[in-house]
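S.K.: mind folding the following:
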Amino acid sequence: YQRRVHGEVCGNFWRENTTAMNLAQELRARPNEVSEYMQAKRNSFRVNIRKREVEAIIGNKRFRNTNGHASNIPTFAELSANGGILPFIKERIVKLDACFTNRDATDMTKIVFQLRKLLSNGDNVAIKYAINEGLASLLVRFASSDFEEKIDLKHDALWCLTNLACGDAKDCEILIGCGIVPALIAFLDSGWQNLQELALWALGNLCGESADIRNYLIQEGVIASILAIDYTRLITNDGVLNNALFLMGNLIRVKPLPQPEAVEPLLPLLTRLFVQSTESDMLHQVIWMMYSVSSGRPDPETLLGHQGFFVKILELISHSQGRLRYPAVLILGNILSGSGPLVAEAATCDRLLNKIPALLEDSNGDIRREACWLVSNIFAGEVEEIEAVIKTSIVPKMMDMLSQDSYDIRKEILLALENFAQNGSYSQVLQATTDWAILEKVLDVISLEDDNLTLTALSIIELVLKQGDSRPPDRDLVENPFIKVLRLYNGAEQLEQLQFHPNEQVYTLVYRLINSHFEAVDRRIDEEEENLS
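M.R.: Okay, the predicted model is just below:
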């Protein structure tokens, strides 16, 4: 019953791993072992939620289209209709090699421009043929040549390499073998913005092919070169900035995901961009990268320690655009899955807690679900954090949602109540039972006859009853007060019926509940009646 991190590594431990759930039930009988075990599991397992929107935002490959046509150059359609694409490419490669030998920069520029136009049509056959004919090797030589006055030649050569990098894994291996990566990284350090823009784009295409290439780029020092680009220039040049974000997105998100420490140097830059961004589309890219970084379990205190970060998150969870509210809630939930003084301060922040009710009423069901998960992570904290939540209207709203919202949201609310019953104080649980009728709502869930919901509901009942057993001494309160509440709502009868449930886990949990609580109370009542008679 601990905090959970949204990520893309493992399955949902608590909801899908039956063996682990059985082990958790055993640990309930050994409370001194629960804390250490749960802490280990909190660090080892992630919630399996795959965000399709993320994949749509950060694409793995992008073609660069041509801008403008020369009248003396046949179009792609014309060459295709005449079956002349491949001969055209081969002829140009032969001429290009001769021009380089003769150091004829003028003819080289014309030929590279023709090839740039042809390769900008996104034809994979043309790309594969050009690579196999040795064009990549020539272009790398041109891009790295000493024709300093021919920036347009280097520009068009990089443009061609950018589109060649849209090929498949074998094509990318050939490009890497030609030395494209050191050449591209050198252009990142060149200071020429138009060349930096294309080099970032080409590296992003290579990185999007596979995790092996991504790891190779990191080993070659691409992150250091990204960070070395002048930041003031970065935020004023849309092309450089967008392609830097494209490359960083693929460095962070290509699966299997990199080790957090491998991309950690990018965190300060991403955080600065995140805090300073005002343009919606750019912020959309950055916020999803921040989500990926937060899913990799960096120290939440590190994120919260960046000036302006928490303020920006609070701004975005109430943003008018749902595409920004949603990832902001995910990031905040991941942060609240951690621990430390800054996390505790964030969990009890009135500015945050006062925004959660609006999230629970959001028209987007995904946002409502993740808002419940966020509350669940707060409920997995200390009593002071829980107290800050129950002073708001959050719990009453969640109780209303439990009876009328979708299945996934009900599951999230039950998991939040499970954390609340486990970590809250007796007085807090008693208040929730009295003021918001959480036991009545939980019993209503059992009547839905869904095994997963029933198991979680029974776990909540068991935890609440344990709270009653461990209540402070009270001469006027002999019986567990929560047993009386369950009897009031016919909970005892429902539990008796569940003894015939076909699910073995349900039956086992119900048997333990009745044997540990209700039968003990019944025996005590019988003894009192016998003594009285």
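S.K.: give me the below-cutoff pLDDT ranges for the stretch 1-150 of the chain.
M.R.: Along the stretch 1-150 of the chain, segments meeting pLDDT under 70 span 1-84, 145-149.
S.K.: please apply the same query to the stretch 151-300 of the chain.
M.R.: In the stretch 151-300 of the chain (pLDDT under 70), the answer is 231-237, 296-298.
S.K.: so where do the helices sit in it?
M.R.: 151-164, 169-177, 180-188, 193-207, 211-219, 222-228, 231-234, 238-253, 260-263, 267-276, 280-295, 300-305 (DSSP state H, counting those that start in this stretch).
S.K.: turn those into JSON lines, including mean neighbour count and distance to Asn503.
M.R.: Any C-beta I mention is one placed from the backbone N, CA and C, and that applies to glycine too. Formatted as JSON lines, the entries for these read as follows, by neighbours: other C-beta atoms under 10 Å; distance: least, C-beta to C-beta, whole Å:
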{"stretch": "helix 151-164", "mean neighbour count": "24", "distance to Asn503": "57"}
{"stretch": "helix 169-177", "mean neighbour count": "17", "distance to Asn503": "46"}
{"stretch": "helix 180-188", "mean neighbour count": "21", "distance to Asn503": "56"}
{"stretch": "helix 193-207", "mean neighbour count": "26", "distance to Asn503": "47"}
{"stretch": "helix 211-219", "mean neighbour count": "17", "distance to Asn503": "40"}
{"stretch": "helix 222-228", "mean neighbour count": "17", "distance to Asn503": "50"}
{"stretch": "helix 231-234", "mean neighbour count": "13", "distance to Asn503": "57"}
{"stretch": "helix 238-253", "mean neighbour count": "22", "distance to Asn503": "39"}
{"stretch": "helix 260-263", "mean neighbour count": "16", "distance to Asn503": "39"}
{"stretch": "helix 267-276", "mean neighbour count": "19", "distance to Asn503": "45"}
{"stretch": "helix 280-295", "mean neighbour count": "22", "distance to Asn503": "33"}
{"stretch": "helix 300-305", "mean neighbour count": "18", "distance to Asn503": "37"}
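S.K.: wait, which of those is closest to Leu448?
M.R.: Nearest to Leu448 among the helices of the stretch 151-300 of the chain is helix 280-295 (31.5 Å), distances taken as C-beta to C-beta.
S.K.: now do the closest one against helix 267-276, angle only.
M.R.: Following axes from the mean of the first three to the mean of the last three C-alpha atoms, to 10 degrees, one obtains 140 degrees for the angle between helix 280-295 and helix 267-276.
S.K.: so what does helix 280-295 touch, helix or strand wise?
M.R.: strand 6-7, helix 52-57, helix 238-253, helix 267-276, helix 322-335 (3 or more C-beta pairs under 8 Å, 6 or more residues apart in numbering; DSSP states H and E).
S.K.: same thing but 6 Å
M.R.: Where contact means 3 or more C-beta pairs under 6 Å, 6 or more residues apart in numbering; DSSP states H and E, helix 280-295 is packed against helix 238-253, helix 267-276, helix 322-335.
S.K.: okay, buried residues for the helix or strand following the last one please.
M.R.: Toward the C-terminus, helix 322-335 is succeeded by helix 341-347 as the next helix or strand (DSSP states H and E). Of the residues in helix 341-347, those with enough neighbours to count as buried (16 or more other C-beta atoms under 10 Å) are 342-344, 346-347.
S.K.: residues contacting helix 341-347, please?
M.R.: Here helix 341-347 makes contact (C-beta atoms under 6 Å, 6 or more residues apart in numbering) with 300-301, 304, 336, 378, 381, 385.
S.K.: got those as CSV, with distance to Ile111 columns?
M.R.: Shown next, in CSV, are the contacts of helix 341-347 (distance: C-beta to C-beta, whole Å):
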residue, distance to Ile111
Pro300, 54
Glu301, 56
Leu304, 55
Leu336, 58
Ile378, 63
Gly381, 65
Glu385, 67
